[in-house]
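Undergrad: Give me coordinates for this.
(one chain, ligands or ions: 2)
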Amino acid sequence: METRIIKIDQINPDIKKIKIAANIIKRGGLVAFPTETVYGLGANTLNSEAVFKIFKVKNRPADNPLINHIADKEWIYKLAEKVPEEAIILAEAFWPGPLTMIFKKRKIVPDVVTAGLKTTAIRMPKNKIALNLIKYSQCPIAAPSANLSGKPSPTTADHVIHDLYKKIECIIDGGKTNIGVESTVIDLTVHPPLLLRPGGVTYEMLRDFIDIKLHPSAEAMIKFDKKPESPGMKYRHYAPKADLILVEGEIDNIIKKIQEICEENRGKKIGIIATEETKEFYGNNVRIIGSRKDIRTVAVNLFRILRDFDNEGVDLIVSEGFSTRGLGLAVMNRLRKAAKTVIRA
Ligand code: AMP
Ligand code: MG
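TA: Ligands and ions are numbered 1, 2, ... in the order given. Prediction:
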């Protein structure tokens, strides 16, 4: 299949170009598009056959549901059966933005979108390209991240091209995404609501508005032997080709432990994920993920660095861990899921 790549400015999007991509969605095709979190792979929510193709091209397990992306709040009521008061409060506070809310679904939402569940996920993204694409497609857009299943999520159009070129009709190149980790997923079908997946909107931010509990799996520390609440949680995610060792703890201990690991693995091609503050403590092949003083800089580079090390063909990746405060919880959730081994130094 020919893949059309359309470059669009995310600050001042050219509507003529957006309409080309919207027409592809209308005709039942797939379009990869930037959001403020990561790139999404979209199809018309209401077209089961189109949505089915998303699972096929990503090699996504059929029981991992998608998120409905909307550009107009009115669509909540068309897709969701019960909309609790909390949802209105949170939509007012955080939409458009990186917050996904789970509701009981209406019949109009095809089973393929929800992976057979009776609930469905809805979010209004902040990126202008995404919002206009939804608007001109005249339907909600069902989308997961635009990567091959299990790989790190794409934060540039090049990442999408790497995974999906010639497999989908269109890739919109709207530059780098500015958050770098996926949206926060909260379940509003239970009381109090549950945070299932940490993301761009933090637990602390949500608690300022509603009573909310953190699902244990949000920290990605426990193994599931029962059915997970959020189906996406049970899969190994975001994983680079090389084994990843994540070292958590006090920063001085982390540094010592990583130095030891490098010593033990002499002869292997190692890639180290460090920070502005710690880069000089290690030998070669260090990548700076960001600054320990600003976790946002870490989130934005995380998936890109995992992909860069893969392209370089390293044998082993060793990463420093971070505090789980604020956006740190989303960063650590992704790192723990990507890791083969987690060490507490
Ligand atoms: P992705 O954007 O690629 O992370 O995929 C969408 C994610 O949204 C899934 O992996 C789930 O974690 C979450 N999700 C979507 N629909 C539901 C739902 N009905 N219940 C719980 N989680 C959901
Ligand atoms: Mg994904």
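Undergrad: what about residue 132, neighbour count?
TA: Residues lying near residue 132 (other C-beta atoms under 10 Å) number 21. Heads up, the C-betas are built off the backbone N, CA and C, glycines and all.
Undergrad: Over to the one 4 residues further on?
TA: Applying other C-beta under 10 Å, we find 17 residues neighbouring residue 136.
Undergrad: May I have the secondary structure class of residue 52?
TA: For residue 52, the assignment made with DSSP: H, G, I helix; E, B strand; the rest coil gives helix.
Undergrad: I should have written residue 158 there, sorry.
TA: Strictly by three-state DSSP, residue 158 counts as helix.
Undergrad: quick one: contacts for it?
TA: Under the criterion of C-beta atoms under 8 Å, 6 or more residues apart in numbering, residue 158 has no neighbours.
Undergrad: now residue 139
TA: By C-beta under 8 Å, 6+ apart, the contact set of residue 139 is 25, 26, 44, 45, 46, 47.
Undergrad: Same list (these) but as CSV, adding neighbour count.
TA: Shown next, in CSV, are those (neighbours: other C-beta atoms under 10 Å):
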residue, neighbour count
25, 26
26, 16
44, 24
45, 30
46, 17
47, 20
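Undergrad: now these as JSON lines including distance to ligand 2?
TA: Listed next are the contacts of residue 139 as JSON lines, based on distance: C-beta to the ion, whole Å:
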{"residue": "25", "distance to ligand 2": "19"}
{"residue": "26", "distance to ligand 2": "24"}
{"residue": "44", "distance to ligand 2": "19"}
{"residue": "45", "distance to ligand 2": "17"}
{"residue": "46", "distance to ligand 2": "22"}
{"residue": "47", "distance to ligand 2": "21"}
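Undergrad: which pair in these spans the largest distance?
TA: 26 and 45 (12.4 Å; C-beta to C-beta).
Undergrad: on that earlier part again, what's the closest of the contacts of residue 139 to residue 238?
TA: Closest to residue 238, out of all of those and judged by C-beta to C-beta, is residue 45, at 24.8 Å.
Undergrad: which residue packs closest to the residue in the chain that ligand 2 sits nearest to, ignoring adjacent ones?
TA: Proximity of the chain to ligand 2 (C-beta to the ion) peaks at residue 145, 3.4 Å away. Excluding the flanking residues, the one nearest residue 145 by C-beta to C-beta, 6 or more residues apart in numbering is residue 153, at 4.1 Å.
Undergrad: Many thanks, I have nothing further to ask.
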